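Novice: give me the fold of what follows.
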Amino acid sequence: MSNTGGSYDSGTSVEIIARPSAGYDFVGWSGDATGTGSSITVKMDSDKTITATFRKGAPEYLLTVVASPASGGSVNITTGKYLPGSQVELKATPSAGFQFDSWTGDASGNSPTLSITMNSDKKITANFKSSIIYVLRVTVNPIDSGVVTIRGDVTGSSGLGVTGTPYFTTTSGASVTLTATAAPGYEFTGWGGDGIGTTSTISLTMTSDKNVTANFKPGTQRIELTVPPGQKESSWVVFTRTLRNGEQIKGTILVTGQYDVQDRSQNWTMVVTDASGNQIYQLIGNWFGASSRGFSFNALSDSEYKIKISHGSVNSKALQMDISPSGWKQIEMASN
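Specialist: Residues are numbered from 1 along each chain as shown. So this is what the prediction gives:
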């Protein structure tokens, strides 16, 4: 208290103020004074005994509310102390260009209004996000050479593989992760447009419309083996791979080996057939001349294709073939 006693002249007015200690509440005055106000004035016209009564107060809980980002909006209450069990109503209001996203911390939900019960100290964050929409365009080059997996705050695209030029919408400031995966027979070479780098995964922050290209190139496969001698007519080896309509296959082939007077021919033959056995390409070379030959053909449909390489020598022949895209598998080697 501001005054705990003393001697005063008759008629003196004395002010007394009750100041509760931490954790206590002032109840009121008794004795030669009454009232519940924390401050009283007593006129000294006799001896007086006055009692200030205090009681242990109920605990108060601290509520702290912040907006994130601070420019994104505001909340009707930012801080305050409340008695246990008090119901507090919060309302988040977004700034221009923002929208309310969620409550985090000691509360959850995505409605801009929130009712909480104060049963402990609480710290709550009102999260806002930009309401500005940007467009992300992703292109795979060449088409069908790979896929791009897109993850993040992107409309309807989480984990989506794309082969053409898809369009996605994102909010301003959204983080988007793109991962390029090559199709069989292709290699990822790097990003173009608003994508930078040669690593298969990149992250973008959407601060504007963006155009990103994932670039791939056909991988080259080297095949080296020995084709056995032909017993009576010829010897051959067969490779297979599934191709897409219009896909181009190209490379070089070299067949070498020892000449024998019994050889029926000094030529080798490369024949390409589709799944129905129809021949779509043929190349003839001379193994005795030991010269490399280039080849190129296009798939006429989505189908499994076979490459058969044969020779008519009584001796084995060394085959070296570089072919792109890669992914060819040997399925047969025989002679007759």
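Novice: strands of the stretch 51-200 of the chain, start to end?
Specialist: Counting by DSSP state E, counting those that start in this stretch, the stretch 51-200 of the chain has strands at residues 61-68, 73-75, 79-82, 86-94, 98-105, 113-118, 122-130, 133-141, 146-152, 160-162, 167-171, 175-182, 186-193.
Novice: now the nearest residue in space to residue 57 that is not next to it in sequence: which helix or strand?
Specialist: Closest residue in space to residue 57, ignoring its immediate chain neighbours: residue 25 at 4.0 Å, by CB to CB, 6 or more residues apart in numbering. C-beta here means a position set from N, CA and C on the backbone, and glycine is covered the same way. Element membership of residue 25, judged by DSSP states H and E, is strand 24-31.
Novice: ok, residues contacting the helix or strand following that strand?
Specialist: Proceeding N to C from strand 24-31, the next assigned helix or strand is strand 39-44, under DSSP H and E. Strand 39-44 is contacted from outside by 8-18, 29, 32-33, 48, 50, using CB atoms under 8 Å, 6 or more residues apart in numbering.
Novice: filter the residues you listed down to the buried ones and hand me the PyMOL line.
Specialist: Here is the PyMOL selection string for the buried members of the contacts of strand 39-44, based on 16 or more other CB atoms under 10 Å:
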select buried, resi 14+16+18+29+33+50
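Novice: which of the contacts of strand 39-44 sits closest to residue 239?
Specialist: residue 18 (99.3 Å; CB to CB).
Novice: show the pLDDT at that closest one.
Specialist: Note on residue 18: pLDDT of 91.
Novice: show me what contacts it?
Specialist: Contacts of residue 18 by CB under 8 Å, 6+ apart are 1, 26, 29, 38-39, 52, 54.
Novice: and those residues, which two are furthest apart?
Specialist: 39 and 54 (14.8 Å).
Novice: return stretch 204-218 as CSV; C-alpha atoms alone will do.
Specialist: Only the C-alpha atoms of stretch 204-218 are listed here, as CSV (Å, rounded to 0.1, in the frame of the first residue of the first chain):
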residue,chain,number,x,y,z
LEU,A,204,11.6,-22.3,-58.8
THR,A,205,10.0,-19.5,-56.9
MET,A,206,7.0,-18.2,-58.8
THR,A,207,7.3,-14.4,-58.9
SER,A,208,6.1,-14.2,-62.5
ASP,A,209,4.8,-16.4,-65.4
LYS,A,210,7.5,-18.9,-66.3
ASN,A,211,8.4,-21.1,-69.3
VAL,A,212,10.6,-24.1,-68.6
THR,A,213,12.0,-26.6,-71.1
ALA,A,214,13.5,-30.0,-70.2
ASN,A,215,15.9,-30.9,-72.9
PHE,A,216,16.9,-34.5,-73.7
LYS,A,217,19.0,-36.2,-76.3
PRO,A,218,19.1,-39.7,-77.6
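Novice: okay, now the unreliable bits of the stretch 201-336 of the chain?
Specialist: Within the stretch 201-336 of the chain, the segments meeting pLDDT under 70 span 231-233, 290.
Novice: could you pull out the strands for it?
Specialist: 201-205, 210-218, 221-227, 235-243, 248-256, 267-273, 279-286, 293-298, 303-311, 317-324, 329-335.
Novice: let me have these in TSV, extended by mean neighbour count and distance to residue 76.
Specialist: Below are those laid out as TSV (neighbours: other CB atoms under 10 Å; distance: least, CB to CB, whole Å):
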stretch	mean neighbour count	distance to residue 76
strand 201-205	15	31
strand 210-218	20	37
strand 221-227	15	67
strand 235-243	20	63
strand 248-256	18	65
strand 267-273	20	74
strand 279-286	14	74
strand 293-298	14	68
strand 303-311	20	67
strand 317-324	19	66
strand 329-335	12	68
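Novice: what is the burial count for the residue nearest to residue 57?
Specialist: 11 (other CB atoms under 10 Å).
Novice: so what's it up against?
Specialist: 54-57.
Novice: what sits against residue 65?
Specialist: 75, 77-79, 90, 123-126.
Novice: what pairs with it across the strands?
Specialist: Applying DSSP bridges to residue 65 yields these beta-bridge partners: residue 124.
Novice: and the strands of the stretch 201-336 of the chain: which comes nearest residue 64?
Specialist: Of the strands of the stretch 201-336 of the chain, nearest to residue 64 by CB to CB is strand 201-205, at 29.4 Å.
Novice: on that earlier part again, ok, of the contacts of residue 25, which come out buried?
Specialist: Judged by 16+ other CB under 10 Å, buried ones among the contacts of residue 25: residue 54.
Novice: and of the contacts of residue 25, the nearest to residue 170?
Specialist: residue 57 (51.7 Å).
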